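K.L.:
Got a predicted structure here, sequence first:
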Amino acid sequence: MWRGDAGRALLAAVPWVLIGFVVLVIGGALWLVVASSNAAERNREDARISVARTMNQTNTALREAIADGDLSEADVALVRTTQDLRSVRREADRVVITTSVEGSGSGWFGSGSGTQCVEYEIALPITAETVVRQREVDSCPSRPGR
C-alpha cells in the first residue's frame, strides 16, 4: 500500500500522534476537575460576600429608618423586602428582628449559594444615637404563619 520511506515515516508517526492525543485528553480532563473545584470554592466565597453585603445594607437601612426616633411597622417591612423575615420580637428594652439572608455566586462551572440567619437588635428607647447590632445565629425560627 505505502511504498518507500514516506510510508515507513507515516507508520512511525501514527503511534506518536495517538499518544499525543491521549495525553491531551487526560490533561484536559485533569484541568477540568481542578478548575471546577476552584470555581466551586470561589462560588461559595462569592455567596458569603453576597450575604455579608445584604446584612450590611439592611443594617444601614434600619439605622436610617430609626433616625426619626421610632421603629414603625413600615420600617420592619423594609427588612422584609430585602430578606426573608422570620420573626420580630418586641421586648421592654429592645426589638430583635430575625431574618434569613441568602447569597449566591456563579461562574463558568455552575453556581453556589449560602444562607445565613441574622438577628438585628435595636435597643430601646430609640434615639439619634441608637445603633443596630447585627449578629449571625446558627438557626432561624420558622417563618410566621407556617
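P.N.:
Yep, that arrived. Computed from a prediction, not measured in an experiment: that's the story for all the values here.
K.L.:
Walking through this structure, point out its helices one by one.
P.N.:
Taking DSSP state H, the helices of the chain run over residues 4-65, 73-82.
K.L.:
Quick one: closest of those to Gly103.
P.N.:
helix 4-65 (2.9 Å; C-beta to C-beta). (Glycine included, C-beta is placed from N, CA and C.)
K.L.:
among the helices of the chain, which gets the worst mean confidence?
P.N.:
Between the helices of the chain, the one with the least mean pLDDT is helix 73-82; it has a mean of 78.
K.L.:
distance of the closest residue to Ile122 other than its chain neighbours from Ser142?
P.N.:
Leaving aside its sequence neighbours, Ile122 sits nearest to Val95 (C-beta to C-beta, 6 or more residues apart in numbering; 4.7 Å). Val95 sits 20 Å away from Ser142, going by C-beta to C-beta, to the nearest Å.
K.L.:
what about those two, which has more around it?
P.N.:
Set Val95 next to Ser142 and count neighbours by other C-beta atoms under 10 Å: Val95 wins out with 20 against 8.
K.L.:
What does the pLDDT read for Glu121?
P.N.:
In this prediction, Glu121 has a pLDDT value of 91.
K.L.:
mind checking how far stretch 119-129 is from the chain centre?
P.N.:
Chain-centre distance of stretch 119-129: 28 Å, with C-alpha atoms, centre = their mean, to the nearest Å.
K.L.:
nope, stretch 51-63 is what I meant
P.N.:
Centre to centre, stretch against its chain (C-alpha atoms, centre = their mean), the figure for stretch 51-63 is 15 Å.
K.L.:
Give me the contacts around that stretch.
P.N.:
75, 78-79, 82-83, 97, 99, 101-103, 114-116, 118, 120, 122, 131-132, 134 (C-beta atoms under 8 Å, 6 or more residues apart in numbering).
K.L.:
then that stretch to CSV, C-alphas only?
P.N.:
The C-alpha coordinates for stretch 51-63 follow below in CSV (Å, rounded to 0.1, in the frame of the first residue of the first chain):
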residue,chain,number,x,y,z
VAL,A,51,-24.8,37.5,52.4
ALA,A,52,-22.5,40.0,54.2
ARG,A,53,-23.3,42.8,51.8
THR,A,54,-27.0,42.2,52.2
MET,A,55,-26.6,42.2,56.0
ASN,A,56,-24.7,45.5,56.0
GLN,A,57,-27.2,47.1,53.6
THR,A,58,-30.1,46.1,55.9
ASN,A,59,-28.2,47.4,58.9
THR,A,60,-27.7,50.8,57.2
ALA,A,61,-31.4,50.9,56.1
LEU,A,62,-32.6,50.2,59.6
ARG,A,63,-30.3,52.9,61.1
